[in-house]
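Asker: turn this into a model:
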Amino acid sequence: MRDILKRLSKMVVGYGAIQWAGPLLSFLLFPIITRILDVSDYGTADVILALAAGMAMLATFAQPNALSTHFNDQPNINWKRQVVGGSLLISLTISVLLGASLVVVAPTLAQVYLKKPEYTWLLQVIGASLVCGACASVVTATAQAQLRVRWGMALSLTTVLTTVAGNVLLVLVLRLGGPGLVLTSVLTACSVSVVGLILVRKQIAWPNPAIIRILFISGLTILPAFISSWALQLADRFFLLHYLSGDVLTSMGYYATANRIASLLGVAMAPLYAAWTPLALAMQHEAAAKQRHADMSRYLIAIVLVAALGLGLFSTEILLVLARPTYLPAAPYVGFLAYVQVFSAFGTVLATGALAAKQLTSWSGAVIIGAIVNLFLNYLLIPIYGVWGATISTVVSYGVPQVFLYFWLRNRYPVPYPVGRLLSALGVQILLLTIGILLPPLNFPIRILIKLLLMASLVFALFRVELITKFEAQQGWLFIRNQWHLRFG
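Answerer: Residues are numbered from 1 along each chain as shown. Predicted coordinates:
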């Protein structure tokens, strides 16, 4: 365990932080932004960013994952350089074509999709910058595959500086509102792509046709999973736009705010996820690799269950700190949307196993099934229950792919996951969250004390069901303490 922690912590500090820096800064700026933007403006920005995320996902053509899958297929340097070059060539070609198409159809999208023709220019900027986003994704994947900690730190610093500068200048100073949030994400992608290309320039070689074919087929195989993943995360915005009545953008602003608070857990875990995947693939041929997969599933689930319970119990208090009172109606959705991160934690471990076993079709198939369930539930529930329908649809749909992928991988890449213990811990957590939600109005100190007791009860239960053992907790504490003394004396 200590060896894994040592290797993992080093990588988390470096390139894993790429996934963490920008989103964390967005949270730090969230209290300021919500005091400038009203709820409907925030909802508008969320809708535009949902569209931008879908276009960016198509533009990369799943090449970051294709690169990670095939980077270590051969040990020679020339192979690895050609894999990087091939991924860049494919993603840049597709992003240029797709971006040009978006620029052309932007007026129609602004009128039909947003019902705001004044945002045509913003959609055209998104289209013109798709090439930057695709490039940034591939160079980031290259830094991760190379296990270059300093490169990761440089990309993280770039993300931090650009995100701060963009939000301060565009949102706080120029008061561009929702468009300012969108333009900040565009500037960040462009900055990371430039810095990343400078860092990895010597790791790029012109690929031979065979490597291009391998990467293209892998991307084509994985892409449906990426499209489905986008649908899982963001397709409900389209249903909400169509079916909600009244002040639609305000309701969507509440939903976007709840998703933002719930995703705080995903932001906190992103460096660990980003570091674990390349590390697990690098040691996939070691004798104890599968047992390490099983152990990591326990550690990740234990962490996210505790954090998800905290978000659900203290959602009102969090919103009181981070936003204006007008955002408080978002609080009830937070605890349920946090289960997305619980399922994502187990999904990270399962997806890494699928990559190691080259079971890309199984991975894609599982996510596609989840997306189909999501679309069906959105269609069924949102017209009746509105935002609650979207919440239920999202949570259920994130659990479905993990179930299918687990059963599909059992024979192809058997890992001794402690399913019984995982489900027992999940059941206890759901019970404690339900108790917290059903608490009657109480004085502030009493309410906080009861919620803290519920949190402590979950920690006790995790040890009771042996999701985490006392020995592992002691080893983890000793490791953290030793690392602290080494770095800070």
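Asker: the helices in the stretch 151-300 of the chain, which residues?
Answerer: Along the stretch 151-300 of the chain, the segments classed as helices by DSSP state H, counting those that start in this stretch run 178-200, 209-234, 236-243, 248-262, 264-282, 289-313.
Asker: nearest residue to Ile94 in space, please, no chain neighbours.
Answerer: Phe61 (4.9 Å; CB to CB, 6 or more residues apart in numbering). C-beta coordinates here come from the backbone N, C-alpha and C atoms, glycine included.
Asker: tell me the buried residues in the host helix or strand of Leu122?
Answerer: Using DSSP states H and E, Leu122 maps to helix 120-128. Applying a neighbour-count criterion of 16 or more other CB atoms under 10 Å, the buried positions in helix 120-128 are Thr120, Leu122, Leu123, Gln124, Val125, Ile126, Gly127, Ala128.
Asker: same check, this time on stretch 186-194
Answerer: Buried residues in stretch 186-194, counted by 16+ other CB under 10 Å: Val186, Leu187, Thr188, Ala189, Cys190, Ser191, Val192, Ser193.
Asker: contact partners for the fourth one?
Answerer: Spelled out, it's Ala189. Applying CB atoms under 8 Å, 6 or more residues apart in numbering to Ala189 gives the contacts Ala56, Ser129, Cys132, Gly133, Ala136.
Asker: which one among those gets closest to Leu232?
Answerer: Ala56 (15.8 Å; CB to CB).
Asker: burial check on the residue nearest to the closest one when sequence neighbours are not counted, number of neighbours?
Answerer: Of all residues not flanking Ala56 in the chain, Gly133 sits nearest, at 4.5 Å (CB to CB, 6+ apart). Gly133 has 27 neighbours, counted by other CB atoms under 10 Å.
Asker: what's the answer for Lys202, then?
Answerer: The burial count assigned to Lys202 is 7, neighbours taken as other CB under 10 Å.
Asker: and whatever helix or strand Pro383 lives in with helix 209-234, angle?
Answerer: According to DSSP H and E, Pro383 maps onto helix 360-385. Taking axes from the mean of the first three to the mean of the last three CA atoms, to 10 degrees, one finds that helix 360-385 is oriented at 20 degrees with respect to helix 209-234.
Asker: how about whatever helix or strand comes next after helix 360-385: buried residues?
Answerer: Counting by DSSP H and E, the next helix or strand C-terminal to helix 360-385 is helix 387-412. Buried residues in helix 387-412, defined by neighbour count with 16+ other CB under 10 Å: 387, 389-402, 404-406, 408-409.
Asker: which strands and helices lie in contact with the helix or strand that comes right after helix 387-412?
Answerer: Following helix 387-412 in sequence order, the next helix or strand is helix 419-437 (DSSP H and E). Helix 419-437 sits against helix 289-313, helix 331-337, helix 339-356, helix 444-464, with contacts defined as 3 or more CB pairs under 8 Å, 6 or more residues apart in numbering; DSSP states H and E.
Asker: CA atoms only: put the third one into PDB for me.
Answerer: In other words, helix 339-356. Extracted in PDB, the C-alpha atoms of helix 339-356 (Å, rounded to 0.1, in the frame of the first residue of the first chain):
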ATOM      1  CA  TYR A 339     -24.000  10.100  -6.100                       C
ATOM      2  CA  VAL A 340     -22.800  10.800  -9.700                       C
ATOM      3  CA  GLN A 341     -19.300  11.100  -8.200                       C
ATOM      4  CA  VAL A 342     -19.800   7.900  -6.200                       C
ATOM      5  CA  PHE A 343     -20.500   6.000  -9.300                       C
ATOM      6  CA  SER A 344     -17.800   7.800 -11.200                       C
ATOM      7  CA  ALA A 345     -15.200   6.600  -8.700                       C
ATOM      8  CA  PHE A 346     -16.000   3.000  -9.300                       C
ATOM      9  CA  GLY A 347     -16.300   3.700 -13.000                       C
ATOM     10  CA  THR A 348     -12.700   5.100 -13.000                       C
ATOM     11  CA  VAL A 349     -11.400   1.800 -11.700                       C
ATOM     12  CA  LEU A 350     -13.500  -0.300 -14.000                       C
ATOM     13  CA  ALA A 351     -12.500   1.900 -17.100                       C
ATOM     14  CA  THR A 352      -8.800   1.500 -16.200                       C
ATOM     15  CA  GLY A 353      -9.300  -2.300 -16.200                       C
ATOM     16  CA  ALA A 354     -11.100  -2.100 -19.500                       C
ATOM     17  CA  LEU A 355      -8.200  -0.100 -21.000                       C
ATOM     18  CA  ALA A 356      -5.600  -2.600 -19.600                       C
END
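Asker: quick check: mean pLDDT of that helix?
Answerer: Helix 339-356 comes out with an average pLDDT of 83.
Asker: count residues in the vicinity of the spatially closest residue to Ala268 that is not a sequence neighbour, would you?
Answerer: Closest residue in space to Ala268, ignoring its immediate chain neighbours: Ala307 at 6.9 Å, by CB to CB, 6+ apart. Ala307: 20 surrounding residues under other CB under 10 Å.
Asker: before we move on, what about the one 4 residues further on?
Answerer: For Leu311, the tally of surrounding residues (other CB under 10 Å) stands at 20.
Asker: if we can go back for a sec, which residues sit in contact with the residue nearest to Ile94?
Answerer: The contact partners of Phe61, by CB under 8 Å, 6+ apart, come to Ile90, Ser91, Ile94, Ala134, Phe216, Gly219, Leu220, Leu223.
Asker: contact partners for the fourth one?
Answerer: This means Ala134. Contact partners of Ala134, counting by CB under 8 Å, 6+ apart, are Ala56, Ala59, Thr60, Phe61, Gln63, Ser91, Leu92, Ile94, Ser95.
Asker: point to the helix or strand of this structure where mean pLDDT is at its lowest.
Answerer: Among the helices and strands of the chain, helix 2-13 carries the lowest confidence by mean pLDDT, DSSP states H and E, at a mean of 54.
Asker: what about Val96, how many residues nearby?
Answerer: Neighbour count for Val96, taken as other CB under 10 Å: 15.
Asker: if I look at it, how far off is Ala345?
Answerer: Separation of Val96 from Ala345 (CB to CB, to the nearest Å) stands at 36 Å.
Asker: which intervals of this protein have sub-threshold pLDDT?
Answerer: Residue ranges of the chain with pLDDT under 70: 1-27, 271, 274-275, 277-279, 281-287, 479-480, 483-489.
Asker: this completes my enquiry, with thanks.
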